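>>> Coordinates only, no sequence provided:
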Ligand code: S3P
């Protein structure tokens with residue numbers, strides 16, 4: 001197992017914010033696949049979905065992971081919410097490092113995502129309905145992709161980071 005930590009989970013589960021703080025606590029590098037892809041695309045993910053569509057986005061996510069697999073060391077990698085669900089990404093993520101599933105409840109997820117305009121998969125329609133359907137479909141897949149699952153509701157960043165350190169280190 002390589003010495004990287006990979007965070008997966010639904011949109012709004014805290015992968016980016018937990019990942020940044022965790023990397024600072026461990027003196028690790030921090031990377032976020034959404035940010036890397038936006039830099040590569042030269043536009044936001046929302047704009048990319050509009051121009052190229054979701055299938056092309058998923059293809060580019062997998063290409064990025066294959067590339068990162070060779071390169072990462074002492075890195076916390078936050079991933080887009082769909083990353084472990086497509087192609088052979090789950091397998092690649094597990095090769096990259098210890099995979100932690102940050103799990104928030106449906107209620108908490110809806111609270112955190114209400115008012116969000118940046119995520120193409122939530123655009124239009126009823127947010128509650130959309131989150132409910134996607135979570136139902138995705139939860140088992142996140143669970144299967146992860147080495148560890150961590151419930152985050154009601155926990156501080158400090159508590160979450162301590163739990164990750166306990167399970168993932170090293
Ligand atoms: C997606 C989640 C997003 C981003 C894209 C697709 C998904 O990342 O990759 O909008 O399929 O769940 P976040 O989980 O960081 O919002």
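Perfect, thanks for sending it. All figures in this text were calculated on a predicted structure; none of them were measured in a lab.
>>> Return the distance of stretch 74-90 from the chain's centre.
Centroid displacement of stretch 74-90 relative to its chain, using Cα atoms, centre = their mean, to the nearest Å, is 6 Å.
>>> start to end distance for that stretch?
Start and end residues of stretch 74-90 are separated by 20 Å (Cα to Cα, to the nearest Å).
>>> So for that stretch, what gets flagged as buried?
75-87, 89-90 (16 or more other Cβ atoms under 10 Å). Glycine gets a C-beta too; all of them are placed from N, C-alpha and C.
>>> and the ligand, which of those residues reach it?
The residues of these that also fall near the ligand, by Cβ under 6 Å from any ligand atom, are 80, 81, 82.
>>> Pull the contacting residues for the nearest residue to the first one once chain neighbours are set aside.
What it means is residue 80. Spatially, and ignoring its direct neighbours in sequence, residue 80 is nearest to residue 34 (4.8 Å; Cβ to Cβ, 6 or more residues apart in numbering). Contacts for residue 34 were tallied using Cβ atoms under 8 Å, 6 or more residues apart in numbering; they are 16, 45, 78, 79, 80.
>>> out of the residues you listed, who's nearest the ligand?
residue 80 (2.4 Å; Cβ to the nearest ligand atom).
>>> which parts of the chain sit against the ligand?
Going by Cβ under 6 Å from any ligand atom, the residues of the chain near the ligand are 11, 34, 45, 80, 81, 82, 119, 120, 121.
>>> any weak-confidence spans in this structure?
1, 170 (pLDDT under 70).
>>> which helices and strands sit right next to the longest strand seen in the chain?
Secondary structure of the chain per DSSP state E: the longest strand is strand 98-103. Counting contacts by 3 or more Cβ pairs under 8 Å, 6 or more residues apart in numbering; DSSP states H and E, strand 98-103 is packed against strand 5-8, helix 127-145, strand 148-151, helix 157-168.
>>> hmm, try it at 10 Å
The contact analysis (3 or more Cβ pairs under 10 Å, 6 or more residues apart in numbering; DSSP states H and E) places strand 98-103 against strand 5-8, helix 15-26, strand 75-78, helix 127-145, strand 148-151, helix 157-168.
>>> quick one: strands adjacent to the first one?
Same thing as strand 5-8. Note on strand 5-8: by DSSP bridges, its sheet partners are strand 75-78 (parallel), strand 98-103 (parallel).
>>> Residue 20: what's it in contact with?
Contacts here follow Cβ atoms under 10 Å, 6 or more residues apart in numbering; on that basis residue 20 touches 30, 32, 76, 78, 157.
>>> ok, 6 Å please
By Cβ atoms under 6 Å, 6 or more residues apart in numbering, the contact set of residue 20 is residue 30.
>>> cool, residue 113 as well?
Here residue 113 is in contact with residue 12 (criterion: Cβ under 6 Å, 6+ apart).
>>> All set, thanks.
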